[in-house]
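K.L.:
Return a 3D structure for these sequence lines:
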Amino acid sequence: MAAEQIEESTPRDRQAGPRSSGVMIPMRRNLAFLIGGVLIGAIGSHLVSPRSSQINLTALPPLPRIERPCLPDSDRTAVIVLLGQSNAANYGNTRYSAREAVDNFDPASGKCFAAADPLLGADGAGGNFGTRLGDLLIQAGRYDRVIVASFAVEGASLSALNNEHAERIDRAMSALQAAKLRPTHFLVQQGEKDAILTTTQQQYVSLLHQFVKRFRAAGFDAPFYLSRTTKCDVYAPTNVAAVRAAQLSAVNDQLNIRPGPDTDLIGNDGRNPHDGCHMNELGTLANAALWGSFIR
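P.N.:
Here you go, the predicted model:
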């Protein structure tokens, strides 16, 4: 199914009534996101050929970038930072350009651009769930504008994010501060690497808290949402139970770490059949919908 077909079927409820009329509307929207994400991942086999493969997008020329002002327009602007591994970076097998007021912060230039895959700031040459998430949040009436910044790195363990990639992430944080952008949400989708290592539950929790504390020390106080993520079949992960348990127990009120979605619910019908890991078009949309149900 083409991206155009999927997006045209996404309901728009901007005129559904006052946004401040109570909690029932937000609850219904969150439930709709959650159900939508699970269903998209579950029924993908009926919509996508199981023989579809991960497309090599590295040979395609970069898309033209349209610069936009970075400063938020109002308190109805979300500034969402994506952290973690390849499924939070640009490794989806289809690219997508946002149709709503979704922008992408580029830490290298310190500028914002109309959001189009691959998102500037993360590695990889393919699609990113953050671009679709921005559209979904605006179409659901949650925000008027979304700025997405992805600093995710393919194959990064938590230890690597705290060490080998620490300088890269520190530079990105400094760029956000220089642009006077204050994140409203940090989304962490990571765990596939640690699920093939020997990281214990206690080690994972300690490393995750260490990671978050670096952002807190830099003055960022937005909530962190931590997904339950381990699925990457090509590596035959053997440490799944410890990592998934850690992702639950790492939730921490003092550090404002909140639970995120269980992205392992997206089965192989939503993923590249050659690795059971990276998302195809429907998997990317399901991932965005699942995240949309958790962030507040």
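
K.L.:
from here on, contacts and neighbour counts on C-alpha atoms
P.N.:
Will do.

K.L.:
Which residues are in contact with the residue nearest to G110 when sequence neighbours are not counted?
P.N.:
Nearest residue to G110, sequence neighbours excluded (C-alpha to C-alpha, 6 or more residues apart in numbering): A175, at 5.7 Å. By C-alpha atoms under 8 Å, 6 or more residues apart in numbering, the residues touching A175 are P107, A108, G110.

K.L.:
okay, stretch 210-219 in CSV with CA atoms only?
P.N.:
Extracted in CSV, the C-alpha atoms of stretch 210-219 (Å, rounded to 0.1, in the frame of the first residue of the first chain):
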residue,chain,number,x,y,z
GLN,A,210,23.2,7.2,33.7
PHE,A,211,22.1,8.1,30.1
VAL,A,212,19.1,10.1,31.3
LYS,A,213,21.2,11.9,34.0
ARG,A,214,23.4,13.4,31.3
PHE,A,215,20.4,15.2,29.8
ARG,A,216,19.2,16.3,33.3
ALA,A,217,22.7,17.7,34.0
ALA,A,218,22.5,19.7,30.8
GLY,A,219,19.3,21.3,31.9
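
K.L.:
How far away from the center of its chain is it?
P.N.:
Relative to the centre of its chain, stretch 210-219 is centred 19 Å away, using C-alpha atoms, centre = their mean, to the nearest Å.

K.L.:
What residues sit buried inside that stretch?
P.N.:
Using 16 or more other C-alpha atoms under 10 Å as the test for burial, stretch 210-219 gives F211, V212, R214, F215.

K.L.:
quick one: which of those residues is nearest P259?
P.N.:
The closest of the buried residues of stretch 210-219 to P259 turns out to be V212 (C-alpha to C-alpha; 13.9 Å).

K.L.:
ok so the closest one is a helix residue?
P.N.:
Yes - checked against DSSP: H, G, I helix; E, B strand; the rest coil, V212 lies within a helix.

K.L.:
That one and D123, how far apart?
P.N.:
21 Å (C-alpha to C-alpha, to the nearest Å).

K.L.:
cool, and A288?
P.N.:
18 Å.

K.L.:
same check, this time on N252
P.N.:
Distance, N252 to D123, using C-alpha to C-alpha: 29 Å.

K.L.:
what's the answer for G267, then?
P.N.:
Counting by C-alpha to C-alpha, the gap from G267 to D123 is 24 Å.

K.L.:
And for S227?
P.N.:
Distance, S227 to D123, by C-alpha to C-alpha: 20 Å.

K.L.:
Those two: which has the busier surroundings?
P.N.:
Between S227 and D123, S227 has the larger neighbour count (other C-alpha atoms under 10 Å), namely 25 against 19.

K.L.:
What strand or helix carries the nearest residue to that one once chain neighbours are set aside?
P.N.:
Of all residues not flanking S227 in the chain, G260 sits nearest, at 4.3 Å (C-alpha to C-alpha, 6+ apart). Applying DSSP states H and E as the criterion places G260 in strand 257-262.

K.L.:
roughly how far out does the helix or strand following that strand sit from the chain middle?
P.N.:
From strand 257-262 onward toward the C-terminus, using DSSP H and E, the following helix or strand is helix 281-292. Remark: helix 281-292 is offset 9 Å from the chain centroid, using C-alpha atoms, centre = their mean.

K.L.:
Please give the element, helix or strand, for L63.
P.N.:
Counting by DSSP H and E, no helix or strand carries L63.

K.L.:
Per-residue pLDDT of it, please?
P.N.:
Turning to L63, the model gives it a pLDDT of 78.

K.L.:
Look up how far I147 lies from it.
P.N.:
In terms of C-alpha to C-alpha, L63 sits 18 Å off from I147.

K.L.:
which of these two has more neighbours?
P.N.:
I147 (27 against 10).

K.L.:
just checking, the more buried one touches D106?
P.N.:
No - under the criterion of C-alpha atoms under 8 Å, I147 makes no contact with D106, lying 10.4 Å away.

K.L.:
Low-confidence bits of the stretch 1-150 of the chain, can you list those?
P.N.:
1-59, 62 (pLDDT under 70).

K.L.:
Name the nearest residue to L161, sequence neighbours excluded.
P.N.:
In space, L161 is closest to F211, 7.5 Å off (C-alpha to C-alpha, 6+ apart).

K.L.:
my read: the one you found touches N163, true?
P.N.:
No - at 9.7 Å, F211 does not count as touching N163 under the criterion of C-alpha under 8 Å.

K.L.:
Could you check how many residues crowd around Y143?
P.N.:
Neighbour count of Y143, defined by other C-alpha under 10 Å: 18.

K.L.:
what's it in contact with, if anything?
P.N.:
With C-alpha under 8 Å, 6+ apart, Y143 has these contacts: R76, T77, A78, L137.
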